[in-house]
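Undergrad: A predicted structure for the sequence below; I have some questions about it.
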Amino acid sequence: MDWLLLSGLALATGGMLLARQWLWLVVALLVVYMCVAGFLFQQPLATDLALGITRWILPLAEVVSGVVVVGILLVTGLTFGRDERPEQLDEVSLMELRRVARRSFRLAQPAEWSDYLLPVAGFVIALVATTLLPHIYRLTGAAGGSLDAQYSWTLLVLAGMIQLIIAQDMLKLGGGILLIGLGLQLFYLDGSTSIGLPVLALLHIAMIVLALVVAYLCGLLYGRLQTLDLDELYSQREGLVSRQPGGTLR
Amino acid sequence: MNAVLLIAWPCAMAGSCWLLRRAAAFAAALASAATLVELLIVMRSPVDDPLRVLGLSVVLGGSAQLVFGLVVAGTLVSLLVSCALPQGEHTPAIALLLLSCGAGIALLATPLLGTVLMLIAGSLAVWLILDLPSTSAALTAPATIGTALKFLLLVFLGVTLLFIGLMLQTAVPGQRLALALIVLGWALLLGLVPFHLALPELAAETTLPALGLVTGSLQLLALLLIVTTLDVQPELLSNPLSQQLVLALGSITVLGGGAWALLAPPRRALMFILTAHWGFIALGLASSQQLGVVGALALLIGHGLSVALLVVSLSLLERRVAGRTETASLLRERPLAATGLMMALLTLLGVPPLQGFTPLALVIGALRRHPQVLAVGGIGLLLLALAVAQLIQNFLLRPQVATADPASYDEVQLLPTVVPDYAPLSLRLLLLVLIGLGVVGGLFPHLFLEPITTITQGLPFVGAG
């Protein structure tokens, strides 16, 4: 059963890396959460004994946290992920029209195989590193962590890191952050000798706060540039006057 | 009881401030009052008196009390500034939530718990950077969004490395990988060179109260996390590898901060000077000798004071006042604010008789066993001195270019008018108090050195020296 969950986790993280549409990203993140919850249910990590709680509690907390985080990203995607309509732009300037034209041109291009080269290469690297790392360097050996758990959190952290590097829009970047956060949760459950409920609770809260921050950044970016594209953000940064009036020291 | 109050009080008041966010000045005043109460509770809390609250072991160590007290004081100054100036509508509430996170880090004294609290505090600070006044008609600039994103990524990366490092260190103590990850995590959270990328941009892109809260409160929270971690795991700094790493990062920070401060535009230069100062604090801690650690903690007081002076002075110097035409240098036109800025810079530089002198001398004294580091520190200090002189010359002493005001051509302008003052009375009083503190701290260093010496005697990572 464990290998099924591990395969599901690998497929879902791969899906997050490859997803070009925000909806697939959010669905894949939900699958990742469910796999982690299933993993916690399937393979109690000496946690339940330490906490003195029933086997259901931790997976249930993971499911609830996952639903909240995915819900936040889903609402964000629904609100800010739609295609822009130039006639609705509030600042119709020459620069804006040029930018919209550039983006429309890009959107008109069908996805090519080369577009998937980097995510696929990243995913393969993450998979290979995940398979090899526990044998080369047993990170939680002394704490008595299980090998399957180490595969899981290593994959999540590495895939999250790669997603952070290759992400081209804000939601995908947020997905990378959340993957790493989820990996840290699993690492804590797997590797810690004495597990504390406050740390677990705070980790869940931190994930929700991070999802909210990503949603806020998405909202601001879309409100300003009508897109979540990070290339657009960094190309716009130069030459724009800062929002603050005055500022003789700037 | 005090422990519960320290965590719960700012949380409850943050809720109130959030509800009152449309009345910005009132919310800021309320938050300032709440922060003052928090400061009083911190000062009156018993030290090293462990107790159990809701099944958790809670203790406030002497060093944690000192650093958290500085965090609260820094937050108070930023909030007082925000009472008089436009600030983001959520700033008071977020500042109080940061205090709540800080109280958790100080009291719970569990490194992993503190690390996660730091992540929450860092995420909240992103809101602070992006927050706009409720009445503002402007949109957040892409540059500000980019800076906030960069800041979030650096804090997140720092917390991730620190978390993994602490977990590995718990599993197998003394692993080289674990120590390296922990030191890198600390460097990212403190913004040491070369992990300082977001801070100079932050200086140029956010409001002054937010800048004060990030540099005066959040960075001190990171140091609070380091101090509480070292209280529990002193071997993290006594290990030669981590000590060498911190010394190297501190040296690079002093040198890099000084060099960049010479080349950067003014506001960024200020941030580089602050970054270089963090380098000296890191060097003092890494010396692991009582002399150095006392110097580092005393430098921290100077750092907090300088950030407060910078925020208040800049808010007065950059304020545009309708009907006021200035052509002379800022030192002549706005003498009090210019003096405040100069004092902040000279305190950071360690010029006698200001507060920064004695602590810097102590840190330099503690580094005599590391001649290479001492040499690099000396060069860094020289670069800093040049940068400070350049900043004062270009910004405070140079006559200003008079901007043509269309209204001034009106004949009405020729009539005798009352020139409005450049600063509200409350901010000028606050600045006077801060300048007084800087001078008193410099003339009577024993006032803060004696309690700090007592505190450091109980720290497990401090050796003799």
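TA: Structure's in. What do you need?
Undergrad: Give the next helix or strand downstream of whichever strand or helix holds B:S313.
TA: Element membership of B:S313, judged by DSSP states H and E, is helix B:290-317. Scanning forward in sequence from helix B:290-317 by DSSP H and E, the next helix or strand is helix B:330-333.
Undergrad: After that following helix, which helix or strand is next?
TA: Trace forward from helix B:330-333 with DSSP H and E and the next one is helix B:335-349.
Undergrad: That next one close to chain A?
TA: No: counting by CB under 8 Å from any CB of the partner chain, no contacts exist between helix B:335-349 and chain A, the nearest distance being 9.3 Å. Heads up, the C-betas are built off the backbone N, CA and C, glycines and all.
Undergrad: Who are the packing partners of the helix holding B:S313?
TA: helix B:62-84, helix B:208-213, helix B:219-232, helix B:266-286, helix B:335-349, helix B:357-366, helix B:425-443, helix B:446-457 (3 or more CB pairs under 8 Å, 6 or more residues apart in numbering or on different chains; DSSP states H and E).
Undergrad: so where's the stretch 1-150 of chain B shaky on pLDDT?
TA: For the stretch 1-150 of chain B, the stretches with pLDDT under 70 are B:134-136.
Undergrad: would you list every one of the strands in it?
TA: Counting by DSSP state E, counting those that start in this stretch, the segments of the stretch 1-150 of chain B that form strands are B:51-53, B:56-58.
Undergrad: could the ones you listed go into TSV alongside mean neighbour count?
TA: Converted to TSV, the strands of the stretch 1-150 of chain B look like this (neighbours: other CB atoms under 10 Å in any protein chain shown):
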stretch	mean neighbour count
strand B:51-53	12
strand B:56-58	16
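Undergrad: what's the closest of these to chain A?
TA: Closest approach to chain A among the strands of the stretch 1-150 of chain B (CB to the nearest CB): strand B:56-58, 6.3 Å.
Undergrad: Is any residue of that closest one near chain A?
TA: Yes: if you take CB under 8 Å from any CB as the test, strand B:56-58 does meet chain A, through B:L56.
Undergrad: Just the mean pLDDT for stretch B:311-325, thanks.
TA: Stretch B:311-325 carries an average pLDDT of 81.
Undergrad: Would you work out how far apart the start and end of it are?
TA: Stretch B:311-325 has an end-to-end distance of 23 Å (CA to CA, to the nearest Å).
Undergrad: Buried residues in that stretch, which are they?
TA: For stretch B:311-325, burial by neighbour count (16 or more other CB atoms under 10 Å in any protein chain shown) applies to B:311-319.
Undergrad: And for stretch B:147-156?
TA: Buried residues in stretch B:147-156, defined by neighbour count with 16+ other CB under 10 Å: B:147-149, B:151-156.
Undergrad: And for stretch B:209-225?
TA: Residues of stretch B:209-225 classed as buried by neighbour count (16+ other CB under 10 Å): B:209-225.
Undergrad: swap in stretch B:343-359?
TA: For stretch B:343-359, by 16+ other CB under 10 Å, it's B:343-351, B:354-359.
Undergrad: ok, and the closest non-adjacent residue to B:M342?
TA: Leaving aside its chain neighbours, B:M342 sits nearest to B:I392 (6.1 Å; criterion: CB to CB, 6 or more residues apart in numbering or on different chains).
Undergrad: So the one you found: helix, strand or coil?
TA: Under the three-state scheme (DSSP: H, G, I helix; E, B strand; the rest coil), the conformation of B:I392 reads as helix.
Undergrad: And it, how far from B:F357?
TA: B:I392 is 18 Å from B:F357, where distance means CB to CB, to the nearest Å.
Undergrad: Residue 124: how many residues sit nearby?
TA: Went with chain A since none was named. Here the count is done by other CB atoms under 10 Å in any protein chain shown, and A:V124 has 11 residues near it.
Undergrad: ah, no, chain B please
TA: 23.
Undergrad: OK, contacts around it?
TA: When contacts are counted by CB atoms under 8 Å, 6 or more residues apart in numbering or on different chains, B:L124 touches A:209, B:94, B:97-98, B:101.
Undergrad: again, 6 Å this time
TA: Taking CB atoms under 6 Å, 6 or more residues apart in numbering or on different chains as the criterion, B:L124 is in contact with B:94, B:97.
Undergrad: what comes up buried for whatever helix or strand A:M207 lives in?
TA: According to DSSP H and E, A:M207 maps onto helix A:197-225. Within helix A:197-225, the residues that qualify as buried are A:197-200, A:202-204, A:206-222, A:224-225, counting by 16+ other CB under 10 Å.
Undergrad: Could you restrict those residues to the ones contacting chain B?
TA: Among these, the residues lying close to chain B (CB under 6 Å from any CB of the partner chain) are A:198-199, A:202-203, A:206, A:209-210, A:213, A:220-221, A:224.
Undergrad: Residues of chain B that sit close to chain A?
TA: Those residues of chain B that sit near chain A, judged by CB under 6 Å from any CB, are B:112-113, B:116, B:119-120, B:123, B:126, B:138-143, B:145-146, B:156, B:160, B:163, B:167, B:171-172, B:204-205, B:266-267, B:318, B:320.
Undergrad: For burial, what's the neighbour tally of B:T91?
TA: 27.
Undergrad: and if you look at A:G175?
TA: If we define neighbours as other CB under 10 Å, then A:G175 has 29 of them.
Undergrad: Report the secondary structure element holding it.
TA: Applying DSSP H and E as the criterion places A:G175 in helix A:170-191.
Undergrad: what's the angle between that helix and helix A:197-225?
TA: Between helix A:170-191 and helix A:197-225, the angle formed by their directions is 170 degrees, by axes from the mean of the first three to the mean of the last three CA atoms, to 10 degrees.
Undergrad: what about the helices in chain A?
TA: Using DSSP state H, the helices assigned to chain A run over residues A:2-18, A:22-42, A:47-51, A:57-80, A:94-108, A:117-136, A:147-166, A:170-191, A:197-225, A:230-237.
Undergrad: neighbours around residue 230, how many?
TA: Since you didn't name a chain, this refers to chain A. 17.
Undergrad: switch to chain B, that's the one I care about
TA: 22.
Undergrad: And B:L429, by the same measure?
TA: 12.
Undergrad: Next: B:H303.
TA: Here the number of neighbours of B:H303 (other CB under 10 Å) works out to 28.
Undergrad: What of B:A23?
TA: 14.
Undergrad: For stretch B:426-444, buried residues please.
TA: When neighbours are counted by 16+ other CB under 10 Å, the buried residues of stretch B:426-444 are found to be B:427-428, B:430-431, B:434-435, B:437-438, B:441-442.
Undergrad: Now do the contacts for the most centrally placed residue in chain A.
TA: If you average the C-alpha coordinates of chain A and look for the closest C-alpha using CA atoms, centre = their mean, you land on A:G175, 1.7 Å from that point. Listed by CB under 6 Å, 6+ apart, the contact partners of A:G175 are A:16, A:25, A:29.
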